[in-house]
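Novice: Sequence plus predicted model, see below.
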Amino acid sequence: MSKMHVKLNLNGREVEDLAEPRTLLIHFLRENLNVTGPHIGCETSHCGACTVDMNGKSVKSCTIFVAQSNGADVTTVEGLANPDGSPGVLQEMFREHHGLQCGFCTPGMITRAHRFLQECPNPTEEEVRFGMAGNLCRCTGYQNIVKAVMAAADQINSQKEAVT
Amino acid sequence: MIPSGFEYHRPENVSSAVEILKKHGDDARVIAGGHSLVPLMKLRMAEMAHLVDLQEIAELRRISFNRDNVVIGAMTTQAEIVSNGQLSSLIPILRETALLISDPQVRNMGTMGGNVAHGDPGNDMPAVMQCLDAGYTLSGPDGTRTVKARDFYESAYFTVRSDDEILTGITIPMPVMSGYAYEKQKRKIGDYAIAAAAVLIGDGKASVAFTNLSDTPVWSASASRALASGSIEQCVDCAMDAIEPQSDIRGPAEFKKHVAKVVLRRAIHKAMERTK
């Protein structure tokens, strides 16, 4: 099968490469572009380790052909650090609240939480659990992940208040 | 998990999409959100030489509200069903059902058209569409036809849609009965139903349908009549005659029949409480 030109706006930067249409977006990110934040966990759209943001929505990049994503805006965990390279609010709160142990699910968790907090800026604990239900963690038992997301919501909201 | 290769098409309107299907016959398939098809392709249970992506066809993303019906474009995602306030107030059973489908990421990709056209008996929307007596619009080389959801499903993954037709929209007749419920028992978030029941009640009418309790969705005329006449026990008996669950990883057939009764009774009570 012949390759196609794939263009993405990845973490604010135009990128381009050749790939077969059947290439999964996660493989394109990791193998063509060396963007290894998003992980391959189950590869069956259950675990959410491969979660990226595509055109403003959380998606599982193991279940999207790169051809489908051609022309899209994609954000991975690499795009969520502060401009100076220090950890962003969510990353900091995951560290602070022990929202990770082995860390394998964390890039997907943080990328999903980033979008979730834009969809739902003042979540209840139940809303966090429902909103993060597409991401599995086999270490933490989720308690500290939920705490980290709630704490990040507070931080982001108080920063917003400080600005206004 | 690498699927076999294909040539990728992204047409900008329905007629060009139909043209590609006509040209390549059963070597071509359409892809909507892909969250049923891509997993099957990765397992090589589905292979095709041509994949026709419908994402660029704006007319398939529209939801139109008319006096006698609501028409939902096939490419409307489950997430859009959840967030559409007007749709949720007119046909609340759609939002209730969409929220029980998989998880947020999958609902962002999964579409209404894909969910009902795929023919997987585990998909939730087909039973709801049968309950609502919806019609599916199919566009093919010879024009457009409408098939009722109740006549659409033949067996698992087999429907009356032919290879060169695209399911473009779902028409739901209005008004919808005011009492509604979709009750789904599942092992965990992201799973298909062990058993699920859709119930609508109102104005002396009722409608009852089931997910994943046969090789197609099941709408039961006799269970619906019994419920309309006020007999819950007779409704449950008729429903048990209508379903044919198979033993699988979600449990033995007898267990599924038990769960079917439980979800049906729950749905009936919830729908009755909600009747305006």
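Specialist: Received the coordinates, thanks.
Novice: Point out the residues in the stretch 51-200 of chain B that sit beside chain A.
Specialist: Within the stretch 51-200 of chain B, the positions near chain A by Cβ under 8 Å from any Cβ of the partner chain are B:51, B:53, B:55, B:79, B:102-106, B:108-109, B:189-190. C-beta coordinates here come from the backbone N, C-alpha and C atoms, glycine included.
Novice: which residues does the closest residue in space to A:Leu25 that isn't next to it in sequence contact?
Specialist: With sequence-adjacent residues excluded and distances taken as Cβ to Cβ, 6 or more residues apart in numbering or on different chains, A:Leu25 is closest to A:Ser61, at 4.0 Å. Counting by Cβ atoms under 8 Å, 6 or more residues apart in numbering or on different chains, A:Ser61 touches A:Leu24, A:Leu25, A:Ile26, A:Leu29, A:Pro38, A:Cys50, A:Thr51, A:Val52, A:Met54, A:Ser69.
Novice: what's the answer for B:Lys205, then?
Specialist: With Cβ under 8 Å, 6+ apart, B:Lys205 has these contacts: B:Met177, B:Ala228.
Novice: follow-up on the earlier one: so which of the residues of the stretch 51-200 of chain B next to chain A is the most crowded?
Specialist: Among those, B:Gln105 has the most neighbours (other Cβ atoms under 10 Å in any protein chain shown), with 30 neighbours.
Novice: list the contacts for that residue?
Specialist: Counting by Cβ under 8 Å, 6+ apart, B:Gln105 has contacts A:Ser45, A:Gly48, A:Thr51, A:Ser58, A:Val59, A:Lys60, A:Arg112, A:Gly134.
Novice: rewinding a little: which one of the residues of the stretch 51-200 of chain B next to chain A is nearest chain A?
Specialist: Of all those, chain A sits closest to B:Asp103, with 3.1 Å by Cβ to the nearest Cβ.
Novice: Neighbours of the closest residue to that closest one other than its chain neighbours, how many?
Specialist: Closest residue to B:Asp103 apart from its sequence neighbours, by Cβ to Cβ, 6+ apart: A:Gly134 at 3.1 Å. Applying other Cβ under 10 Å, we find 26 residues neighbouring A:Gly134.
Novice: same check, this time on B:Arg265
Specialist: As a measure of burial, B:Arg265 has 17 neighbours, counting by other Cβ under 10 Å.
Novice: Let me know whether my guess that it is in a strand holds.
Specialist: No: B:Arg265 is assigned helix when assessed by DSSP: H, G, I helix; E, B strand; the rest coil, not a strand.
Novice: just checking, it touches B:Leu227?
Specialist: No: with contact defined as Cβ atoms under 8 Å, B:Arg265 does not reach B:Leu227; the gap is 11.1 Å.
Novice: coming back round to it: TSV for the contacts of A:Ser61, including pLDDT and neighbour count?
Specialist: Listed next are those as TSV, based on pLDDT from 0 to 100; neighbours: other Cβ atoms under 10 Å in any protein chain shown:
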residue	pLDDT	neighbour count
A:Leu24	98	27
A:Leu25	98	28
A:Ile26	98	24
A:Leu29	98	26
A:Pro38	98	25
A:Cys50	98	30
A:Thr51	98	32
A:Val52	98	31
A:Met54	98	22
A:Ser69	98	24
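Novice: so where's chain A shaky on pLDDT?
Specialist: A:1 (pLDDT under 70).
Novice: State whether B:Ser214 is indeed within a strand.
Specialist: No: secondary structure of B:Ser214 (three-state DSSP): coil, not part of a strand.
Novice: where does the residue lying closest to it once chain neighbours are set aside fall, helix, sheet strand or coil?
Specialist: Ranked by Cβ to Cβ, 6+ apart and with sequence neighbours excluded, the top spatial neighbour of B:Ser214 is B:Glu244, at 4.7 Å. Under three-state DSSP, the three-state class of B:Glu244 is coil.
Novice: Quick check, pLDDT for B:Glu244.
Specialist: Note on B:Glu244: pLDDT of 98.
Novice: One more: B:Ile2?
Specialist: Note for B:Ile2: predicted pLDDT of 87.
Novice: ditto for the one 5 residues further on
Specialist: The score at B:Glu7 is 97. That number is its pLDDT.
Novice: I'd assumed B:His50 was in contact with it.
Specialist: Yes: between B:Glu7 and B:His50 there is a contact under Cβ under 8 Å: 5.1 Å.
Novice: The stretch 101-250 of chain B: strands as residue ranges?
Specialist: With DSSP state E, counting those that start in this stretch, the ranges of strands along the stretch 101-250 of chain B come out as B:135-140, B:143-148, B:153-155, B:158-159, B:166-173, B:179-186, B:193-202, B:205-211, B:218-219.
Novice: can you count the residues close to residue 2?
Specialist: If you meant another chain, say so; for now it's chain A. 8.
Novice: that's the other chain; I wanted chain B
Specialist: Residue neighbour count, defined by other Cβ under 10 Å, stands at 12 for B:Ile2.
Novice: nearest residue to it other than its sequence neighbours?
Specialist: Sequence neighbours aside, A:Arg22 is the residue nearest to B:Ile2 in space, at 6.9 Å (criterion: Cβ to Cβ, 6+ apart).
Novice: can you pull the contacts of that neighbour?
Specialist: Counting by Cβ under 8 Å, 6+ apart, the residues that A:Arg22 touches are A:Met1, A:Phe65, A:Ala67, B:Ile2, B:Pro3, B:Ser4, B:Gly5, B:Phe6, B:Met41.
Novice: Now render those residues as CSV, adding distance to B:Val147 and secondary structure.
Specialist: CSV is the format used below for these (distance: Cβ to Cβ, whole Å; DSSP: H, G, I helix; E, B strand; the rest coil):
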residue, distance to B:Val147, secondary structure
A:Met1, 35, coil
A:Phe65, 29, strand
A:Ala67, 30, helix
B:Ile2, 36, coil
B:Pro3, 30, coil
B:Ser4, 31, coil
B:Gly5, 33, coil
B:Phe6, 28, coil
B:Met41, 26, helix
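Novice: Which one of the residues you listed is nearest to B:Lys257?
Specialist: B:Met41 (33.8 Å; Cβ to Cβ).
Novice: Which residue is the nearest non-sequential neighbour of the closest one?
Specialist: Closest to B:Met41 by Cβ to Cβ, 6+ apart is B:Pro3, at 3.8 Å.
Novice: same check, this time on B:Leu100
Specialist: B:Lys184 is the one closest to B:Leu100 (Cβ to Cβ, 6+ apart), at 4.7 Å.
Novice: Tell me where chain B has helices.
Specialist: Taking DSSP state H, the helices of chain B run over residues B:14-24, B:37-42, B:78-83, B:85-90, B:92-98, B:104-109, B:112-117, B:125-131, B:149-152, B:221-228, B:232-242, B:253-274.
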